[in-house]
Each structure stands twice: as C-alpha cells, then as structure tokens.
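> structure of the sequence below:
(one chain, ligands or ions: 1)
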Amino acid sequence: MTDSLLQHHQYGKRAIRLVHVTRDGDRHELTDLDVDVTLTGEFEETYLTGANAGVLPTDSQKNTVYAFARQHGVQRIEDFALLLARHFVRAHETVKRARIGISRHHWDRITPQHSFVRSEGELRTVTVTHDAGKTWVVGGLTGLRLLNSTGSEFKDFPRDEYTTLPEAGDRILATSVSAGWRYEGTRGDWDAWHGKIRAALVTAFTETYSRSLQQTLYAMGEKALAACPAIAEIRLALPNQHHIAVDLSPFGLDNPNSVFVATEQPYGLIEGALMREGAVGADAAWW
Ligand SMILES: O=c1[nH]c(=O)c2[nH]c(=O)[nH]c2[nH]1
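All right, here's what the predicted structure looks like:
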C-alpha cells in the first residue's frame, strides 16, 4: 500500500426533488425545488476504515428536507436553505459545515386556482453555507435568456495568423445569464431583492450599447450592486450565444443582417466578479 493522505472530503445528497403545494382554500401555491445538501466535518473514519458512526446517511438528509418542508413551508428558498443548513450543524456533532443549494423552477398560473405551466429555463438559486463561525447566503439565477438584435458591436481586436472573425459593427448579442450574488446578512426581503437585481441585470443588458460582452457584463454587475445595497459582490457568467449571418449569395439573395444561424457550440464564455468598494471578500461562500 502506498502512503496516502485523505486531503479533502465532503458528501451529501444531490437533486432532491421537492414539490410543495400550499392550499389556501381552493387557491393553491406551487413551489418546485431541486435541493442539494453537502456536509463537511469529521467523516475521515468512514473513508479510511468504513466506520460509519459519524455518518448521517444521505437518505436521512433527504428525509429532513421533506419533513422540514412539511413543518416550515418553503415559500422563500433563502429562508428554507438557512433553516436546513443551521439544522444539520446544530443537530449533528460531526457536521462542521453544511451547504444547502436550492434551485427553484418557475411555474406560471394558468387558471386562477390550481393549474400551472412551467416556464422553461430560468431558475432562481440560493446557496447557504453555515458553520460555527459564519453563515453566508448567495442568491442568484441561471438560464435568464436575453437578446439584443442591435446595439452591439465587436471590433478593434488583435488579429493574428489564425484570425478569421470579421469586425462586427451591428451584431446580435445573446446570452443566458448565470449570476450569483452574496448578501451581507442572513435576513432580508429576499423576493424583493431578487426582483430588483434581476431587473437591474435585464435593464443593464438592454440599455448598454455593447462594444464587447465583457463590457456588458461589467455594466450588469454595476447596476445590480447599485440596485440592491444588501449585496456585497456579484459573479456573472455569460455565454456568448453567437448568431452568425447566413451567406445567401449562392441563392442570389442578399442578407442585410436579417437571417442568422443561432449556434450552440462552441460558445464564448465571459466571466467576471464585481465587489462593492470597501466590502470584504468571502471565498467560503462560493463553490
Ligand atoms: O463580446 C465579445 N467578446 C469576445 O471576447 C469575443 N470573442 C469573439 O470571438 N467574439 C467576441 N465577442
């Protein structure tokens, strides 16, 4: 046997599918969540010898999520994640840090009472990390698809022997936003704050005349920080969903920037993080 050290370990349950219905008479509220639980702590023994005395089964973790949903409701995912993270650390001595990630699928009401249609793509997300010293709440969203059909260019980039990209003076700019933002505190008006930040991201995307998606990213982050004083930092990942004008000349047709092929792969990925001036970083809050 070679000498080896267990360097890092964590475990938990992924993709706990939870659908919760609140019945207010005939009118129902639907909440549809994917919940991830990750625990770190004193679990070396089971890795080294298979002794499970300190190992809270992932099955019990899953059951806790369902039981807490019944007992406490799930209306605001930020509060539900805080509740679960604190519970695992408080209730189990071997658990030193708990991280709860939740993504919420959005359903739109199609009758006044109890019928819904799922709006595809966009998820509201939260990651709560809790240990003896601190609790961090990172709110966010993924799959927010945005497109500007003008107001975007990409020019003046360096050209080398491999450059074929033409300069674009008027191109389509399209992306699917992934954003995470770290709140300063653990109490808040989560729904309103999420709404303000989402609106700021959309407004900055639509209102910025874009010379690069990088510039647009910065404008989005800046507007989000301005819109919600409760957040200290924001991280954004913006895939550049390229739309390429189709060459219609073989068919004797022109293409005055009206027919495009929307390509999925490969795509550019533009990432950036903005911190409010004077705020203190918190790497442990992020994956
Ligand atoms: O906004 C852009 N940023 C880039 O870095 C880039 N690179 C590329 O090929 N197209 C684009 N567009």
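
> name the SS class of the closest residue to Leu248 other than its chain neighbours, please.
Beyond its immediate neighbours in the sequence, the residue positioned closest to Leu248 (CB to CB, 6 or more residues apart in numbering) is Asn255, lying 4.7 Å away. Every residue, glycine included, has its C-beta placed from N, CA and C. In three-state terms, and counting by DSSP: H, G, I helix; E, B strand; the rest coil, Asn255 is coil.

> one more: Thr216?
Under three-state DSSP, Thr216 falls in the helix class.

> for burial, what's the neighbour tally of it?
As a burial measure, Thr216 scores 27 neighbours (other CB atoms under 10 Å).

> how about the contacts made by the nearest residue in space to it that is not next to it in sequence?
Once flanking residues are discounted, Thr216 sits nearest to Ser210: 4.6 Å by CB to CB, 6+ apart. Going by CB atoms under 8 Å, 6 or more residues apart in numbering, Ser210 touches 148, 151-153, 173, 216.

> again, only using 10 Å
148, 151-154, 171, 173, 216-217, 219 (CB atoms under 10 Å, 6 or more residues apart in numbering).

> roughly how far does it sit from Ile77?
To Ile77, Ser210 is 32 Å away according to CB to CB, to the nearest Å.

> for the residue nearest to Leu248, give me the pLDDT.
The score at Asn255 is 95. That number is its pLDDT.

> tell me the contacts of it?
By CB under 10 Å, 6+ apart, the contact list for Asn255 reads 245-249.

> residues near the closest residue in space to Lys196 that isn't next to it in sequence, how many?
Closest residue in space to Lys196, ignoring its immediate chain neighbours: Ala227 at 4.7 Å, by CB to CB, 6+ apart. When neighbours are counted by other CB under 10 Å, Ala227 registers 19.

> hang on, the earlier thing: from the ligand, how far off is the residue nearest to Leu248?
Noted for Asn255: a distance of 19 Å to the ligand, by CB to the nearest ligand atom, to the nearest Å.

> shaky segments in this structure?
1, 287 (pLDDT under 70).

> which strands or helices does whichever helix in it runs longest pack on?
For the chain, the helix that runs over the most residues, judged by DSSP state H, is helix 190-207. Contacts of helix 190-207 with other secondary structure elements, assessed using 3 or more CB pairs under 10 Å, 6 or more residues apart in numbering; DSSP states H and E, are made with helix 77-91, strand 116-131, strand 135-148, strand 173-183, helix 213-227, strand 231-240.
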